[in-house]
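In: give the three-dimensional model of this entry:
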Amino acid sequence: MTAAHRLLAWTAALVWMALLFVASAQSRLPAASERIWDKAAHAGAYFVLGWLLLRALSAHRRPLRGATLWAVALTVAYGVSDEWHQSFVPSRTASWADVLADSIGALLAAVLWHGLRRRAGAGR
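Out: All right, here's what the predicted structure looks like:
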């Protein structure tokens, strides 16, 4: 992968993180009609972050050893920091249930990433 592709992969992950930060800073977000939709939104947002971090960490000539573990750990850590950030925003609260949903999203991204890579390797 070229240096430009690596830069693009990292830029995409950082932009997504910035968007999550901006969303967390909002005092009011569109209310989810049910709690399950809120958790699904968390899992989906952090699935995307996990996927982008997997892409960025795997984009190097010699991918970081344990890139999947690093991507999941960084995604979960960002979810924890995001909830902490929300605790300072008026009318928002931090929730361990949201961190759990974020973690599930990151893990699903890792499982899908490895499933697709294994399938692509078997097709060669």
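In: number of residues surrounding S81?
Out: Around S81 sit 15 other residues, with neighbours defined as other C-beta atoms under 10 Å. For glycine as for every other residue, the C-beta is placed from the backbone atoms N, C-alpha and C.
In: in which helix or strand would I find it?
Out: Counting by DSSP states H and E, the element that carries S81 is helix 67-86.
In: what's that helix in contact with?
Out: Applying C-beta atoms under 8 Å, 6 or more residues apart in numbering, the external contacts of helix 67-86 come out as 17, 20-21, 24-25, 42, 46, 49-50, 53-54, 57-58, 64, 92-96, 98-99, 102-103, 105-107, 109-110, 113-114.
In: return the distance of that helix from the chain's centre.
Out: Computed by C-alpha atoms, centre = their mean, to the nearest Å, the chain-centroid distance of helix 67-86 equals 7 Å.
In: cool, and stretch 50-60?
Out: The answer for stretch 50-60 is 11 Å, by C-alpha atoms, centre = their mean.
In: now do the SS call for R117.
Out: Of the three states, R117 takes helix under DSSP: H, G, I helix; E, B strand; the rest coil.
In: ok, T93 next?
Out: coil.
In: wait, what's in contact with it?
Out: By C-beta under 8 Å, 6+ apart, the contact set of T93 is 86-87.
In: ok, now with 10 Å
Out: With contact taken as C-beta atoms under 10 Å, 6 or more residues apart in numbering, T93 is in contact with 83, 86-87.
In: ok, and the most crowded of the residues you listed?
Out: E83 (20 neighbours).
In: how much space separates it from A97?
Out: 10 Å (C-beta to C-beta, to the nearest Å).
In: tell me, what's touching those two both at once?
Out: H42.
In: could you pull out the helices for this structure?
Out: Taking DSSP state H as the criterion, the chain carries its helices at 3-24, 35-58, 67-86, 96-122.
In: in this structure, which residue is closest to the centre?
Out: L49 (2.3 Å; C-alpha atoms, centre = their mean).
In: surely that residue meets A106?
Out: Yes - the criterion here is C-beta atoms under 10 Å, and L49 meets it with A106 at 7.2 Å.
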